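# would you be able to build a 3D model of this:
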Amino acid sequence: MNNYFVKGYGIIGVILVPLVLFLIRFVQIPGPNIYIFIYLQLIGIVFLLAYFFENDNFIFKYAIKICEKSVPSSKKMAFFYFGSTTFFLVCICYLYAS
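Take a look at the predicted model:
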């Protein structure tokens, strides 16, 4: 297996760990859960890294494909997706704090 696929599967592993922890904790203790915030921010970070390292692995290549097929279609939509996840998480944290 070449490095192209190893990096992609590593990213999938990093993204799935907070999701699994969220699901385990959600079943045990309903309510606010930090793992879902980490999961959503990692999705935004994948889009941001995809802008800079497009041909590094298949996950980044797929993220750029999503950006180029969106409306408006541009590679720079990766910044929008990163910013929207960050803004969404800041709003949710603000609501939980108040």
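# mind giving me the packing neighbours of the biggest helix by length in the chain?
Assignment by DSSP state H gives helix 3-28 as the longest helix of the chain. With contacts taken as 3 or more Cβ pairs under 8 Å, 6 or more residues apart in numbering; DSSP states H and E, helix 3-28 sits against helix 34-52, helix 58-69. C-betas here are computed from N, CA, C, even on glycine.
# so who does residue 47 touch?
63, 66, 67, 78, 81, 82, 85 (Cβ atoms under 8 Å, 6 or more residues apart in numbering).
# could you do residue 44 as well?
With Cβ under 8 Å, 6+ apart, residue 44 has these contacts: 81, 82, 83, 84, 85, 86.
# mind putting the residues you listed into CSV with pLDDT and distance to residue 23?
Formatted as CSV, those follow (pLDDT from 0 to 100; distance: Cβ to Cβ, whole Å):
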residue, pLDDT, distance to residue 23
81, 91, 23
82, 92, 24
83, 92, 27
84, 92, 23
85, 90, 19
86, 90, 23
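# quick check: residue 6 vs residue 18, distance?
From residue 6 across to residue 18, the span is 21 Å (Cβ to Cβ, to the nearest Å).
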